[in-house]
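*Asks:* only the shape, not the letters, is given here:
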């Protein structure tokens, strides 16, 4: 009886450890997802898709258990800095507790930069007033500050006509002159050459494969028979 009781107690302890491990792992996944949402908004402007291998309980919890991050992502999708700031202010305590308040606030600047960057794809010249209106900024000075910062960071190529309050966008003349761009281009070329070499090797191997050649010949003969049959039918 004593041994049985000890055995049951050992099993109960093991079960508690397993439950604790699952809870801890699930909580870690949720915390990682919170940071993933913010990082994805900063990098791509989109809310991340959940991996297919995400456990169902975690998926359900993410849908309803992290409203602060869901609302922030929804506000970001509206492309309205005002709504985004409102969402951050509303859940400021949550972001601070999660130690993600700094990342959340960076999303406002990322949204403004994304709005301005989209203007460069549609216009060659815009006034600072138009940029401020499109990006929902409060002043021309704020719009000019963002443009200057983005030019300095290499995000866009533009010149500002201060007397007229106009911004002229252009393609960066040295977009492919940086060492990183050259290295990326060389890597792409090398990759394409590698793929072509592999295809040639596969083609040469197939041309000497007796089974492959026999199958091709059978298919050709069958195709000719079918064509002849159709001709006779006519």
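*Replies:* Looks like it arrived, so ask away. Values in this document were obtained by computation on a predicted structure and should not be read as measured data.

*Asks:* tell me where the protein has strands.
*Replies:* For the chain, applying DSSP state E gives strands covering 125-127, 158-161, 166-169.

*Asks:* partners of the first one in the sheet?
*Replies:* Meaning strand 125-127. Strand 125-127 has the following strand partners under DSSP bridges: strand 166-169 (antiparallel).

*Asks:* on that earlier part again, and the strands of the chain, which is most packed in?
*Replies:* Among the strands of the chain, the stretch with the highest mean neighbour count (mean count of other CB atoms under 10 Å) is strand 166-169, at a mean of 18. Glycine gets a C-beta too; all of them are placed from N, C-alpha and C.

*Asks:* other residues contacting it?
*Replies:* 119-120, 123-128, 131, 147, 156-161 (CB atoms under 8 Å, 6 or more residues apart in numbering).

*Asks:* and what of stretch 82-102?
*Replies:* Contacts for stretch 82-102 (CB under 8 Å, 6+ apart): 31, 34-35, 38, 67-68, 71-72, 74-76, 78, 103-105, 107-108, 111, 136.

*Asks:* mind doing that once more with 10 Å?
*Replies:* 30-31, 34-35, 37-39, 41, 66-78, 80, 103-105, 107-108, 110-112, 136, 138 (CB atoms under 10 Å, 6 or more residues apart in numbering).

*Asks:* I'd say residue 106 and residue 76 touch.
*Replies:* No. Using CB atoms under 10 Å, residue 106 is not in contact with residue 76; the gap is 11.5 Å.

*Asks:* which neighbours do the two share?
*Replies:* Joint contacts of residue 106 and residue 76 (CB under 10 Å, 6+ apart) are 38, 41-42.

*Asks:* by neighbours, which of those residues wins?
*Replies:* Highest neighbour count within the shared contacts of residue 106 and residue 76, by other CB atoms under 10 Å: residue 41, with 26 neighbours.

*Asks:* pretty sure it contacts residue 106?
*Replies:* Yes. Proximity of residue 41 to residue 106 meets the contact threshold set by CB under 10 Å, at 9.0 Å.

*Asks:* farthest pair in the contacts of strand 166-169?
*Replies:* Pairwise distances across the contacts of strand 166-169 peak at 18.0 Å for 127 and 157 (criterion: CB to CB).

*Asks:* pipe the strands of the chain into a markdown table and attach distance to residue 92 per row.
*Replies:* Listed next are those as a markdown table, based on distance: least, CB to CB, whole Å:
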| stretch | distance to residue 92 |
| --- | --- |
| strand 125-127 | 34 |
| strand 158-161 | 34 |
| strand 166-169 | 33 |
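
*Asks:* between those, which one is closest to residue 188.
*Replies:* Going by CB to CB, the one of these nearest residue 188 is strand 166-169, 26.5 Å.

*Asks:* give me the mean pLDDT for that closest one.
*Replies:* Across strand 166-169, pLDDT averages out at 95.

*Asks:* same question for stretch 208-218.
*Replies:* Mean predicted lDDT for stretch 208-218 stands at 72.
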